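Q: sequence and predicted structure are below.
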Amino acid sequence: MSRQSVAKAHQKIQELSWEPLYHEPVSQYGTDYTFAKAQKKDPLKQVLRSYFPMQEEKDHRVYGASDGAIRGNMFRQVQERWLEWQKLFLSIIPLPEISAARAMPLLFRTVPNPELHNGQAIQMIDEVRHSTIQQNLKRLYMNNYIDPAGFNSSLRNFQNDYCGTIGRQFAEGFITGDAITAASIYLTIVAETAFTNTLFVAMPAEAAANGDYLLPTVFHSVQSDESRHISNGYATLLMALADEGNHQLLERDLRYAWWNNHRVVDAAIGTFIEYGTKDRRKNRESYAEMWRRWIYDDYYRSYLVPLEKYGLVIPHDLIEEAWNQIWNKGYVHEVAQFFATGWLANYWRIDPMTDKDFEWFEYKYPGWYDKYGKWWENYNRLSTPNGHHPIVAEDVDYAYPHRCWTCMVPCLVREDMVIDEVEGQVRTYCHEVCRWTDTTAFRPTYQGRATPNMGQLIGKREWETLYHGWNWADVVSDMGYVRDDGKTLVAQPHLNLDPKKMWTLDHLRRMGPLQSPNVLLNEMTPEERAAFHANYIRGGPAGRPAPAEV
């Protein structure tokens, strides 16, 4: 089809839209933004008769590669360390895709622009396709990998898992609260424009380096659709910028969306890339180097900063602080350590780090060993049962962290943890920005302005609180993370499948009960809480308790 005929077809589609005169439309999805009916162009002008053949060809390539992987014996060559982490990743990622598909209808009646509605409708189809090929990828892993346990149950289990709950809150942010905040700023302006670079480009490169060429095939096919989604977001952003009354909301939403994406996506993808790989070439980029190139330079400097010419205040301070977290505060390393601390409450096996890993980390992050090396040596020492408890219940100079109420990633950079009381509950936050999100941004009023569509961060948001006082064996049984023999854990702190070296429910029965840090915090007196907080922020790095005061 010629470009001219596509443009004509695209223009013709707009004639199918009309404003009903016989009734006042009811807003199904509310927003506090206001839009003039100014025509903003969809620069890609995609129509279904050109879209479907293109996507069909891409699907042929994806499924052809899948068949080739099986015939080529890929699953006997891929690194187990890598595929184990895919049990977490591929259990979570279809939910953001489906949430993104569900987010598009939020914009249909909110953004008064038929040309953009066409792009949003096609994005909705994109997102369903993405979820489909990703879940098919997980099915292939489950059917062909040496240890399918975890792949076979993660779709129904991840939402109540020690780590998966973080991904759930991230995905549900696309479809809750103000329609523009959720489906445009949080999803298309930040998540897709900035963070899919590390998600769908950097991570596939690491997969290939570990012998997995199926994930790159699938996720490059996904990433090739993102230009359309970025275009939808940018066109909507320009419409919002046309009304100066929206600037206050845009600045609020950019701060919230940037920070929550950073906390969740950097935590997950950074851990997969740095701790899920066996590729320790010195010339391979670290996650920090990838982040600096893909997000700081390409997104922040090339996309966000030019928006200042429209009078929009960009959250420069938060972007610099995100980089500070990654480079100076060891954010990704703290997250990986936390995931491994609670290995028994997950559904994949976490491989210990070796001397080769230590050498690479020290080369890429000078000073890494002094901070994290001893803990990983203890993890290795305690990885097989030998009369001791799992590492979470052993004295390894690690204080179990509090959860952040907002992003649900624990308060791992201890110096940044803040406490506030909201609606009668004392809550902890990993950073002042997460506290601001809960107490200020997600409220019915913002800076004196009524914002009834924002919603609030409520419900069961802390995994530990769900199981406060339970025995660890009962926790794992309740989540269903037990193998077919009814006693061996799906998760293991090593990759050895010898039954004699695998942990069972019987090992967990000997442990004390799981304690929720938030429940314990709320039981303290105000004076005890103040003293606890002062002690907590003196702790770390690597979760070390605060040194005794002299």
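A: Thanks, I have it. Numbering: from 1, shown residues only.
Q: surely Val433 and Arg252 touch.
A: No. Here Val433 lies out of contact with Arg252, judged by C-beta atoms under 8 Å, at a distance of 11.6 Å. The way it works is simple: take the backbone N, C-alpha and C, and place the C-beta from them, glycine included.
Q: can you list contacts of whatever helix or strand Glu528 lives in?
A: Under the criterion of DSSP states H and E, Glu528 resides in helix 526-536. Under the criterion C-beta atoms under 8 Å, 6 or more residues apart in numbering, residues Ala399, His402, Cys411, Arg414, Met417, Ile419, Val426, Leu521, Met524, Pro545, Ala546 lie in contact with helix 526-536.
Q: restricted to strands, list those.
A: Secondary structure from DSSP state E places Ile419, Val426 of the contacts of helix 526-536 in strands.
Q: how about the closest residue to Trp327 other than its chain neighbours, secondary structure?
A: Here the nearest residue to Trp327 in space, its sequence neighbours aside, is Ala288; by C-beta to C-beta, 6 or more residues apart in numbering that works out to 5.4 Å. Each residue gets one of three states, and Ala288 gets helix by DSSP: H, G, I helix; E, B strand; the rest coil.
Q: after the helix or strand bottoming out on mean pLDDT in the chain, next one along is what?
A: For the chain, using mean pLDDT, DSSP states H and E, the weakest element among its helices and strands is helix 3-14, scoring a mean of 65. Using DSSP H and E, the helix or strand that follows helix 3-14 in sequence is helix 48-71.
Q: I'd like to know which elements that next one is packed against.
A: helix 114-144, helix 214-223 (3 or more C-beta pairs under 8 Å, 6 or more residues apart in numbering; DSSP states H and E).
Q: tell me how far the last one lies from the chain's centre.
A: Read it as helix 214-223. Its chain's C-alpha centre and that of helix 214-223 lie 18 Å apart, by C-alpha atoms, centre = their mean, to the nearest Å.
Q: so which elements touch the helix or strand following it?
A: Next in sequence after helix 214-223, counting helices and strands by DSSP H and E, comes helix 226-241. Applying 3+ C-beta pairs under 8 Å, 6+ apart, we find helix 226-241 packed against helix 114-144, helix 247-261.
Q: how much distance is there from helix 226-241 to the middle of the chain?
A: 22 Å.
Q: contacts for that helix next, please.
A: 33, 35-36, 38, 40-44, 46, 100, 107, 111, 113, 116, 119-120, 122-123, 126, 180, 184-185, 187-189, 192-193, 196, 200, 246-247, 249-250, 307, 310-312.
Q: apply 6 Å and report the result again.
A: Residues from elsewhere that reach helix 226-241, judged by C-beta atoms under 6 Å, 6 or more residues apart in numbering: 33, 35, 40, 43-44, 111, 116, 119-120, 123, 184, 188-189, 192-193, 196, 246, 310.
Q: pull out the buried residues from it.
A: Residues 226, 228-237, 239-240 are the ones in helix 226-241 that count as buried (16 or more other C-beta atoms under 10 Å).
Q: I'd like to know how many residues surround Phe358.
A: Neighbourhood size, Phe358 [other C-beta atoms under 10 Å]: 17.
Q: let me know the pLDDT of it.
A: Listed pLDDT for Phe358 reads 98.
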